[in-house]
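[1] what follows is a protein structure lacking sequence information:
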């Protein structure tokens, strides 16, 4: 049995930890609250969560798994989009939570079957992990802006 490489263990830990941080930060947020744009323009919590899921799809694809949604249908969550201009297309927050769980289950299941990453995958995987960490922190600030207590103690 081949030993599991450190890069797999690092990414598994980040995927699980990121999911915990994201889940804590979105806990108790209603759809209405998720649609509030701070300062009337900053990205709302709904868009950030949807964007995280949107970018998790390439992560799943790199690992050989299917996306949890059709990127065309959910293009309002793509990088570079202006959420305020497309707010009528944003998905119900509870549905987003369900897609997040699906993506998490897919990532964890696949990572648990791998012993190592192909060298050409490492840069993309590390960049996608950094992307998640970045936006997870934004959810924490948005939670506070919405008047909720901080979730990470």
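    That came in fine, so what should we check first? Everything quoted here is computed from the prediction, not taken from an experiment. Numbering: from 1, shown residues only.

[2] check contacts around the residue nearest in space to the middle of the chain.
    Among the residues of the chain, residue 52 comes closest to the average C-alpha position under C-alpha atoms, centre = their mean, at 2.9 Å. Shown in contact with residue 52 (C-beta atoms under 8 Å, 6 or more residues apart in numbering): 22, 100, 131-132, 135-136. (Glycine included, C-beta is placed from N, CA and C.)

[3] residue 124 touches residue 60, doesn't it?
    No - the pair residue 124 and residue 60 does not pass the contact test of C-beta atoms under 8 Å, sitting 12.0 Å apart.

[4] for this structure, which segments count as helices?
    Assigned by DSSP state H, the chain shows helices spanning 6-26, 31-34, 45-62, 93-111, 119-145.

[5] now residue 5. Nearest residue, chain neighbours left out?
    Distances taken as C-beta to C-beta, 6 or more residues apart in numbering place residue 116 nearest to residue 5, at 4.2 Å, with adjacent residues excluded.

[6] next, count neighbours for that neighbour.
    Residue 116: 14 surrounding residues under other C-beta atoms under 10 Å.

[7] one more: residue 13?
    The burial count for residue 13: 12, using other C-beta under 10 Å.

[8] for it, give me the pLDDT.
    Residue 13 carries a pLDDT value of 95.

[9] so what's it up against?
    Applying C-beta under 8 Å, 6+ apart, we find residue 13 in contact with no residue.

[10] what residues sit buried inside stretch 85-94?
    90-91, 93 (16 or more other C-beta atoms under 10 Å).
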